[in-house]
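Provided below for reference: sequence and predicted model.
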Amino acid sequence: MVKTIPLLLCLLLLLAGCWSSGSLSLVARDTVDPGSILKGRAYQVIGPAEGRACRFFLLGLIPFGDSTFATAVEEALDETGGDALVNVTTTSSLYGFLPIYNVLGFTCTSVKGFAVRLP
């Protein structure tokens with residue numbers, strides 16, 4: 001009985017993990033000219049675009065929100081009305097408040113680039 005409680009607790013912690021996934025249509029090295037990728041296809045540069053997506057953790061156990069790269073890109077495109085981003089940079093950050101007690105933590109993904117509109 002004494003050994004089964006820690007074993008069940010470990011099993012419960014393994015089952016309580018979180019994961020997320022997203023999809024991207026194109027990712028290239030920063031040395032690649034985005035115009036050459038879109039060569040032969042008309043596009044209009046709208047201007048700079050930024051997006052940010054965050055996921056929060058309450059008491060280190062209760063996650064809510066979405067911090068995926070795809071969500072940050074969608075936010076940037078929704079603000080500008082663009083169809084795609086070129087020359088994109090991304091950053092991820094993780095913050096914790098009262099980390100000893102793990103009261104609140106959050107992670108954010110930010111993207112910056114130039115929004116383009118495709119016909």
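Looks like it came in fine.

Please count neighbours and contacts with C-alpha atoms only from this point.
Noted.

could you pull out the strands for the chain?
For the chain, the strands defined by DSSP state E cover 44-58, 62-65, 84-97, 104-117.

out of these, nearest to residue 6?
Closest approach to residue 6 among the strands of the chain is made by strand 62-65 (21.6 Å; Cα to Cα).

Adjacent strands (with direction) for the closest one?
Paired neighbours of strand 62-65 in the sheet (DSSP bridges): strand 44-58 (antiparallel).

got a list of contacts for the strand it pairs with?
Identification of contacts with strand 44-58 by Cα atoms under 8 Å, 6 or more residues apart in numbering yields 63-69, 71-77, 79-80, 82, 85, 102-118.

list the buried ones in that strand?
With burial defined by 16 or more other Cα atoms under 10 Å, the residues of strand 44-58 counted as buried are 49-57.

Which one of the strands of the chain lies nearest to residue 33?
With Cα to Cα as the measure, strand 84-97 is the member of the strands of the chain nearest residue 33 (8.4 Å).

from the chain's centre, how far out does that closest one sit?
The chain centroid and the centroid of strand 84-97 are separated by 7 Å, computed with Cα atoms, centre = their mean, to the nearest Å.

For ChimeraX, write a command that selects the buried ones of the contacts of strand 44-58.
Filtering the contacts of strand 44-58 down to the buried ones (16+ other Cα under 10 Å) takes a single ChimeraX command:
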select :66,67,68,69,71,72,73,74,75,76,77,80,82,85,104,105,106,107,108,109,110,111,112,113,114,115,116,117
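
Tabulate the CA atom coordinates of stretch 39-48 in CSV.
Extracted as CSV, the C-alpha positions of stretch 39-48 are listed here (Å, rounded to 0.1, in the frame of the first residue of the first chain):
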residue,chain,number,x,y,z
LYS,A,39,8.6,34.9,-57.7
GLY,A,40,6.1,34.7,-60.5
ARG,A,41,3.2,35.4,-58.1
ALA,A,42,1.9,38.9,-57.5
TYR,A,43,1.8,40.1,-53.9
GLN,A,44,1.4,43.5,-52.2
VAL,A,45,3.4,44.4,-49.1
ILE,A,46,0.9,45.9,-46.5
GLY,A,47,3.4,46.9,-43.9
PRO,A,48,4.8,45.8,-40.5
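
I am finished for the moment; much appreciated.
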